[in-house]
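Novice: coords please:
(chains A and B)
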Protein chains: 2
Amino acid sequence: MAWNDKDGEIEHALERGFTVNVDGHSVPGVYWQPKQGNADFLVLLGHGGGTHKKVDYLLAMVELLAQRGIAAMSIDGPGHGERVQGDGSQSVNEFASLWHGGGGTETVIKDWMGCLDFVEAKMGARATAWWGLSMGTMMGLPVTATDKRIRLALFGLMGDWGPNQQDLVRLAPKVTCPVRFLVQWDDEIVPRDACFSLFNLLGSKVKTLHANPGPHAAVPRFEMVASIAYLDEKLRKYAATQA
Amino acid sequence: MAWNDKDGEIEHALERGFTVNVDGHSVPGVYWQPKQGNADFLVLLGHGGGTHKKVDYLLAMVELLAQRGIAAMSIDGPGHGERVQGDGSQSVNEFASLWHGGGGTETVIKDWMGCLDFVEAKMGARATAWWGLSMGTMMGLPVTATDKRIRLALFGLMGDWGPNQQDLVRLAPKVTCPVRFLVQWDDEIVPRDACFSLFNLLGSKVKTLHANPGPHAAVPRFEMVASIAYLDEKLRKYAATQA
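Specialist: The predicted structure is shown next:
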């Protein structure tokens, strides 16, 4: 339960590695402190399937957040990143077995909450948001439904679908914070109708779905950039209501 | 084919009425010149069913446009506003008969193009966008498909549905400009699945659907405001590519 020596630096943030023990297993994570600004807000970044806590597109989001003075945290999901076993290759069936073999949805929730506890203990508690697509929503929706420290969420590329389908369906009504939900119209992995069903189930009164043409992994850059602006704007509004 | 005496003023724009003859019938319209800025761009505002060219929510959009230095134009659709016959009350059946009685889609296209010709003759040609929801899309999609002076469009609250359903289905693939398309998730008039179908048919490579909870007439204010920011940003980008 400590910072490790995996420190680094990207253009707009300092990077610190950490390892947290949760229920006897070890969860590797990263925290990014923006070089500028007050780090008044924190965003939890959930990576997609087959990637890891420091995959390129997450680092791009960290840079955008840091430019706005927002801190970020990411961890490896079960069977991903530093938690890979074997050669790390995945078929769809292997993905499901990794998810369940890693303890499934309940363990994922505990992993994230334990790591957020650690970061809050070290760096202070702040208004916090979720950002995660695909497996980043498989993880993030249950975490957001459970941990009310998360005040808003960017979800997407996920539906009433996949290895934790039943958990997503059960927990979506318990998500009540504002949500933006991204859909790829021609998603070849998670069909758009499944995404619509999951969006429909969210308990949030304020939720907006944004859909763009293209396959699963082709979210337009303008939509990615806008998703960070959305989190920033909403976190500021939330903070203003608490002041 | 002239300005009429129906001039006025709102907070951020001067308002001039005009009447244009199209194929022997008279089309009443309004042009708004922003008080500030260069009026480098023009937005055509299509009103919804049962309303008219100067309905409150359109005036709110005109104010937002004028604050950004953008000019606007609106006309009464068939059987609406100054073109109302009888007591002006409408059932759904009456709406359809007004649409067809007014000449249908082909006449609507000619009406808008004739009025745009007039405004361009008087005020100069500029990069032009469409903004219109519900009947504003019933009118705007055919106009945008036909008149390539329209460089981008804000559509929504309309589907593979209604009195000119076949025209919308036929013409949607001919719309090729960037489009933002608004959907109300709980639309009690135009079902969201019909809206999804129409969005799907649009020929535009760049198109984004935004869906929010609530009934037909309850588009959130933030989405209305963002729709104007979208037109402004995209018109500027378009103009930059032409410079």
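Novice: any chance you could map the strands in chain A?
Specialist: Taking DSSP state E as the test, the strands found in chain A are A:2-3, A:8-10, A:13-22, A:25-34, A:41-46, A:71-75, A:127-132, A:150-156, A:179-184, A:207-212.
Novice: how about the second one: buried residues?
Specialist: For strand A:8-10, burial by neighbour count (16 or more other CB atoms under 10 Å in any protein chain shown) applies to no residue. The C-beta positions use only the backbone N, C-alpha and C, and glycine is treated the same way.
Novice: in chain A, spot the helix with the most residues.
Specialist: Identified as the longest helix of chain A according to DSSP state H is helix A:221-242.
Novice: how far away from the center of its chain is stretch A:202-216?
Specialist: Centroid displacement of stretch A:202-216 relative to its chain, using CA atoms, centre = their mean, to the nearest Å, is 15 Å.
Novice: also stretch A:154-172?
Specialist: 13 Å.
Novice: contact partners for A:Ala60?
Specialist: A:Met224 (CB atoms under 8 Å, 6 or more residues apart in numbering or on different chains).
Novice: how about the residues of chain A near chain B?
Specialist: For chain A, the residues in contact with chain B (CB under 8 Å from any CB of the partner chain) are A:183, A:185, A:199-200, A:205-213, A:220, A:223.
Novice: among those residues, which ones are buried?
Specialist: Going by neighbour count (16+ other CB under 10 Å), these have A:183, A:185, A:199-200, A:207-213, A:220, A:223 buried.
Novice: can you pull up the most central residue in chain A?
Specialist: Nearest residue to the geometric centre of chain A (CA atoms, centre = their mean): A:Gly46, 2.6 Å.
Novice: tell me how far it lies from chain B.
Specialist: 23 Å (CB to the nearest CB, to the nearest Å).
Novice: what pLDDT does that residue get?
Specialist: pLDDT for A:Gly46: 98.
Novice: residues contacting A:Leu42?
Specialist: Counting by CB under 8 Å, 6+ apart, A:Leu42 touches A:70-73, A:119, A:123, A:126-129.
Novice: bridged to it, which residues?
Specialist: With DSSP bridges as the criterion, A:Leu42 is bridged to A:Ala71, A:Thr128.
Novice: okay, it: pLDDT?
Specialist: Taking A:Leu42 on its own, its pLDDT is 98.
Novice: do the same with A:Val92
Specialist: Reported pLDDT for A:Val92: 65.
Novice: coming back round to it: who touches the residue nearest to the centre of chain A in this structure?
Specialist: A:Gly46 makes contact with A:74, A:77, A:130-133, A:135-137, A:139-140, A:143, according to CB under 8 Å, 6+ apart.
Novice: what sits closest to it if chain neighbours are left out?
Specialist: Take A:Gly46 and drop its neighbours on the chain: the residue closest to it by CB to CB, 6 or more residues apart in numbering or on different chains is A:Gly132, 2.7 Å away.
Novice: contacting residues for the one you found?
Specialist: Applying CB under 8 Å, 6+ apart to A:Gly132 gives the contacts A:44-48, A:139-140, A:154-155.
Novice: ok, it to B:Phe41 distance?
Specialist: Here A:Gly132 is placed at a distance of 37 Å from B:Phe41 (CB to CB, to the nearest Å).
Novice: before we move on, the earlier item: wait, which of the contacts of A:Gly132 is closest to B:Asn21?
Specialist: Set against B:Asn21, the nearest of these by CB to CB is A:Leu154 (51.7 Å).
Novice: need the contact list for that closest one.
Specialist: Neighbours of A:Leu154 in contact, by CB under 8 Å, 6+ apart: A:129-133, A:179-182, A:227, A:230-231.
Novice: at 10 Å instead, please
Specialist: Counting by CB atoms under 10 Å, 6 or more residues apart in numbering or on different chains, A:Leu154 touches A:43, A:45-46, A:61, A:129-133, A:136-137, A:140, A:178-182, A:210, A:224, A:226-228, A:230-231, A:234.
Novice: by contact count, what packs against the one helix or strand in chain A whose mean pLDDT sits lowest?
Specialist: The helix or strand with the lowest mean pLDDT-type score in chain A, counting by mean pLDDT, DSSP states H and E, is helix A:92-101 (a mean of 84). If contacts are counted by 3 or more CB pairs under 10 Å, 6 or more residues apart in numbering or on different chains; DSSP states H and E, helix A:92-101 sits against helix A:104-123, helix A:135-146.
Novice: out of these, deepest packed?
Specialist: Highest mean neighbour count among the helices and strands packed on helix A:92-101 (mean count of other CB atoms under 10 Å in any protein chain shown): helix A:135-146, with a mean of 26.
Novice: and it with strand A:41-46, angle?
Specialist: Relative orientation of helix A:135-146 versus strand A:41-46 (axes from the mean of the first three to the mean of the last three CA atoms, to 10 degrees): 130 degrees.
Novice: which strands and helices sit next to helix A:135-146?
Specialist: Against helix A:135-146 (3+ CB pairs under 10 Å, 6+ apart) you get strand A:41-46, helix A:92-101, helix A:104-123, strand A:127-132, strand A:150-156, helix A:165-171, strand A:179-184, helix A:192-201.
Novice: mean pLDDT lowest where, among these?
Specialist: helix A:92-101 has the lowest average pLDDT among the helices and strands packed on helix A:135-146, namely a mean of 84.
Novice: any buried residues in it, and which?
Specialist: A:95, A:98-99.
Novice: now do it against helix A:104-123: the angle between them, please.
Specialist: Using the same axes, to 10 degrees: helix A:92-101 against helix A:104-123 is 60 degrees.
Novice: any residues touching helix A:92-101, and which ones?
Specialist: A:49-50, A:77-80, A:83-86, A:88, A:90-91, A:105, A:107-108, A:135, A:138-139, A:162-164, A:189.
Novice: how about a cut-off of 6 Å?
Specialist: A:49, A:78-79, A:163 (CB atoms under 6 Å, 6 or more residues apart in numbering or on different chains).
Novice: just stretch A:212-225 next, same as before
Specialist: So stretch A:212-225 is contacted by A:157, A:182, A:184-189, B:208 (CB under 6 Å, 6+ apart).
Novice: sorry, back to before: which among the contacts of A:Gly132 gets closest to B:Ile150?
Specialist: Nearest to B:Ile150 among these, with distances taken as CB to CB, is A:Leu154, at 32.1 Å.
Novice: identify the residue nearest the closest one in space, chain neighbours excluded?
Specialist: Spatially, and ignoring its direct neighbours in sequence, A:Leu154 is nearest to A:Trp131 (4.5 Å; CB to CB, 6+ apart).
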